[in-house]
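Chemist: No letters, just coordinates:
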């Protein structure tokens with residue numbers, strides 16, 4: 001059940017293989033198929049064209065500590081969830097649990113986050129809250145279709161949709177383009193999203209980040225197939241991830257990509273839970 005499936009995907013997908021790591025025990029762990037997806041500083045190409053990101057650093061450290069071997073591939077999130085549901089993929093990263101998903105995967109949480117509102121600087125002084133934005137009938141927001149943004153923002157967006165003031169696009173890059181072109185006055189983004197778009201699009205001086213949903217929390221983490229990854233190996237990964245949280249490794253990884261202040265807001269209060 002654990003044979004890599006990449007032979008049939010080689011011509012279609014971009015591969016990375018984690019560097020060979022010393023095993024911590026004599027028992028084999030893997031090789032397992034693990035899918036990344038590009039999104040903000042979770043996983044992206046750096047200035048040299050090489051891949052970097054929070055999820056890559058976490059996976060490499062998990063491989064080092066657990067001795068598990070990962071064969072990695074770049075995929076879309078739609079295909080990742082489809083493959084996991086059909087037991088065609090072993091693991092993925094930064095996944096958000098739901099009752100349906102937890103039927104086929106264990107979630108080893110390593111980050112908490114929430115969405116923020118990004119507004120043009122010239123509007124930030126008068127549109128200081130979601131209510132103020134809602135009250136101005138000329139203002140539009142752009143979001144990625146089918147994304148969930150947390151209870152506060154989802155309720156706010158429903159009100160805006162009823163007034164036809166939401167532009168929905170297929171992916172985050174499209175949302176950035178709409179926002180940059182001035183076709184929307186606000187967009188929603190996670191702290192792992194905006195550092196990269198600010199650097200790439202040169203928007204640092206034009207955008208204000210507003211915390212309109214401080215009570216919202218989105219937890220995410222490693223997504224591990226219950227059928228394809230053995231209970232013993234899931235325990236091994238869970239233990240390695242818990243140790244990374246306790247000894248400060250996760251905070252160091254977050255800090256490397258989003259800065260110290262934002263990194264602290266992303267830390268979970270407790271160790272990754274057991275299933």
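Modeler: Sure, I can see it. Just so it is clear, the model here is predicted, and its values are computed rather than measured.

Chemist: drop to CA atoms for contacts and neighbour counts, all remaining ones
Modeler: Will do.

Chemist: Report how many residues lie close to residue 46.
Modeler: 12 (other CA atoms under 10 Å).

Chemist: What sits closest to it if chain neighbours are left out?
Modeler: Sequence neighbours aside, residue 52 is the residue nearest to residue 46 in space, at 6.3 Å (criterion: CA to CA, 6 or more residues apart in numbering).

Chemist: Return the distance of the one you found relative to residue 37.
Modeler: As defined by CA to CA, to the nearest Å, residue 52 lies at a distance of 12 Å from residue 37.

Chemist: and the two? which has more neighbours close in?
Modeler: Neighbour totals were compared for residue 52 and residue 37, and residue 37 leads with 20 against 17 (other CA under 10 Å).

Chemist: Helices of the stretch 1-150 of the chain, start to end?
Modeler: Remark: helices assigned in the stretch 1-150 of the chain by DSSP state H, counting those that start in this stretch are 54-66, 77-85, 121-124, 130-135.

Chemist: what does the shortest one contact?
Modeler: Put plainly, it is helix 121-124. Applying CA atoms under 8 Å, 6 or more residues apart in numbering, the external contacts of helix 121-124 come out as 205-208.

Chemist: Buried ones only from these, please, as a PyMOL command.
Modeler: The following PyMOL line selects those of the contacts of helix 121-124 that are buried, judged by 16 or more other CA atoms under 10 Å:
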select buried, resi 207+208
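
Chemist: Quick one: low-confidence residue ranges for the stretch 151-275 of the chain.
Modeler: In the predicted model of the stretch 151-275 of the chain, residues 270-275 satisfy pLDDT under 70.

Chemist: so what sits against both of residue 52 and residue 37?
Modeler: For the pair residue 52 and residue 37, residues contacting each of them under the criterion CA under 8 Å, 6+ apart are residue 43.

Chemist: thinking again about what came up before, would you quantify the distance from the residue nearest to residue 46 to residue 255?
Modeler: Between residue 52 and residue 255 the distance, using CA to CA, works out to 14 Å.

Chemist: anything in contact with each of these two?
Modeler: Counting by CA under 8 Å, 6+ apart, residue 52 and residue 255 have no contacts in common.

Chemist: Ramachandran angles for residue 219?
Modeler: Backbone torsions of residue 219, given as degrees, to the nearest 10, read phi -100, psi 140.

Chemist: Quick one: neighbours of the closest residue to residue 85 other than its chain neighbours, just the number.
Modeler: Distance criterion CA to CA, 6+ apart; nearest residue to residue 85, sequence neighbours excluded, is residue 104 at 6.3 Å. Each residue near residue 104 was counted by other CA under 10 Å, and the total is 18.

Chemist: My guess is residue 104 contacts residue 225. True?
Modeler: Yes - the criterion here is CA atoms under 8 Å, and residue 104 meets it with residue 225 at 6.0 Å.

Chemist: Which neighbours do those two have in common?
Modeler: Taking CA under 8 Å, 6+ apart as the contact rule, the neighbours common to residue 104 and residue 225 are 84, 87.

Chemist: distance between the host helix or strand of residue 243 and the chain's centre?
Modeler: Element membership of residue 243 [criterion: DSSP states H and E] is helix 231-246. For helix 231-246, the gap between its own C-alpha mean and the chain's C-alpha mean amounts to 20 Å (CA atoms, centre = their mean, to the nearest Å).

Chemist: Now the element after that helix, going C-ward?
Modeler: The helix or strand immediately downstream of helix 231-246 is helix 249-258, counting by DSSP H and E.

Chemist: Pull the distance from that next one to the chain's centre.
Modeler: Between the centre of helix 249-258 and the centre of its host chain there is 14 Å, according to CA atoms, centre = their mean.

Chemist: next one: stretch 163-176
Modeler: 18 Å.

Chemist: Quick one: end-to-end distance for it.
Modeler: Its first and final residues considered, stretch 163-176 spans 22 Å by CA to CA.

Chemist: List the buried residues for that stretch?
Modeler: Residues 165-169, 172, 175-176 are the ones in stretch 163-176 that count as buried (16+ other CA under 10 Å).
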